[in-house]
Each structure stands twice: as C-alpha cells, then as structure tokens.
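**Student:** quick check, what structure comes out for this input:
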Amino acid sequence: MNIASETRAAVRREPFVYDALAAGILNYTAAARYLDVGQEEEAVAAALRRYAEEISHPDGPTSSPRVDMQRGLGPVDAADALLTVGDVAFGPADGSLTAILVSGDVPVTALGSVLARLDVEGIAVEAAGGSRGHLVCLVEAGDGADALRAVEETLGS
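**Tutor:** Below is the predicted model of the structure:
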C-alpha cells in the first residue's frame with residue numbers, strides 16, 4: 001500500500017478528519033501526526049493536501065428542512081409509534097420525552113451531525129432514527145427547547 005492509499009484509509013477510519021478535510025479547515029501537519037500512518041509526517045501531510053483537492057461533495061439542501069418539537073412521548077405499542085428502535089416503540093403517551101422532528105430536504109446522514117451537536121451541547125438523546133427526508137431525536141422534556149435550537153443551527157433551518 002502506498003502513502004496516499006494508507007492516508008485515505010486512515011482518514012476514512014476517522015470521519016471527523018474527513019469532514020475537516022472537506023471543509024478546508026484541517027491542519028495537515030497535525031492531522032498527519034494524529035493519523036499515525038507510519039510514514040514521514042510531511043509525506044502524509046502532502047497526501048492529505050492532494051486528497052482534499054479530490055473530494056467532491058454534493059450540493060447542500062436546496063431549502064432548509066423544517067424542525068418541530070412534539071412533547072409527551074414515551075413507550076407505546078408498535079402500532080402507535082413515531083419511532084421504533086429494536087423492540088422499543090416511542091409515541092404519544094403522556095411521557096417525559098420530547099421528539100425533535102426534522103422533515104424536508106435532509107439526508108439521513110445528517111443524523112450524525114445532529115447527534116454530534118446534541119452531544120457537544122450536553123443533551124442526552126434517548127433514541128434516534130431517520131430516513132430520507134425525516135429525522136427524529138428523542139430527548140428529555142427539559143432539554144427540548146435547547147435541542148430544537150441546536151438542531152436548527154446544525155441544519156441551517
């Protein structure tokens with residue numbers, strides 16, 4: 001395996017490095033040191049620069065997704081579920097959870113960014129899921145408003 005392919009494989013194992021590379025905000029030397037590819041740091045940094053030039057990303061959403069909040073969710077029978085994860089179904093139940101609902105032009109991969117942002121904000125997510133055009137995150141009721149704002153900011157709504 002050559003330095004370029006080793007570097008690309010290392011970047012794929014660290015999605016946050018890929019995101020920083022794609023955003024053009026990566027310190028190549030620091031990233032080369034972090035990735036520890038086992039090659040000369042300068043050669044890995046050069047491979048990162050070349051990789052950054054090749055990365056193409058699809059255009060962002062053509063419109064901002066809609067972000068809503070629904071309170072009072074909890075465990076329900078599967079037939080009444082808003083979200084089912086494993087064998088646990090969540091829906092309207094006069095419960096202590098709040099759903100942050102995203103709909104519109106939003107890829108399911110945006111769930112990763114949303115979950116990362118909620119984690120950084122210190123907001124615990126009880127359950128989450130998505131499909132093309134829809135994302136759902138369940139948080140405790142007291143965190144609902146902060147979660148809503150964080151998701152809106154993350155998705156540019």
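
**Student:** doesn't residue 90 lie inside a strand?
**Tutor:** Yes. Residue 90: assigned to a strand according to DSSP: H, G, I helix; E, B strand; the rest coil.

**Student:** how many neighbours does the closest residue to it other than its chain neighbours have?
**Tutor:** What sits nearest to residue 90 in space, not counting adjacent residues and going by Cβ to Cβ, 6 or more residues apart in numbering, is residue 83, at 4.9 Å. Yep, even glycine has a C-beta here, placed from its N, CA and C like the rest. Neighbourhood size, residue 83 [other Cβ atoms under 10 Å]: 21.

**Student:** over to the one 10 residues further on?
**Tutor:** Here the count is done by other Cβ under 10 Å, and residue 93 has 17 residues near it.

**Student:** so what's the residue count around the residue nearest to it when sequence neighbours are not counted?
**Tutor:** Among residues not flanking residue 93 along the chain, residue 74 sits closest, at 3.7 Å (Cβ to Cβ, 6+ apart). Residues within reach of residue 74, counting by other Cβ under 10 Å, total 15.

**Student:** what distance do you get for residue 74 to residue 17?
**Tutor:** As for residue 74, its distance to residue 17 is 39 Å (criterion: Cβ to Cβ, to the nearest Å).

**Student:** do residue 68 as well
**Tutor:** 33 Å.

**Student:** okay, the two: which has more neighbours?
**Tutor:** Each of residue 68 and residue 17 has its neighbours counted (other Cβ under 10 Å); residue 17 has more, 17 against 11.

**Student:** what sits against that one?
**Tutor:** 10-11, 26, 31, 34-35 (Cβ atoms under 8 Å, 6 or more residues apart in numbering).

**Student:** tell me which residues in the helix or strand that contains it are buried?
**Tutor:** Here residue 17 sits within helix 15-23, counting by DSSP states H and E. The neighbour-count check on helix 15-23 (16 or more other Cβ atoms under 10 Å) flags 17-18, 20-21 as buried.

**Student:** tell me how far that helix lies from the chain's centre.
**Tutor:** Centroid separation for helix 15-23 versus its chain: 12 Å, with Cα atoms, centre = their mean, to the nearest Å.

**Student:** kindly report the same for stretch 89-102.
**Tutor:** 20 Å.
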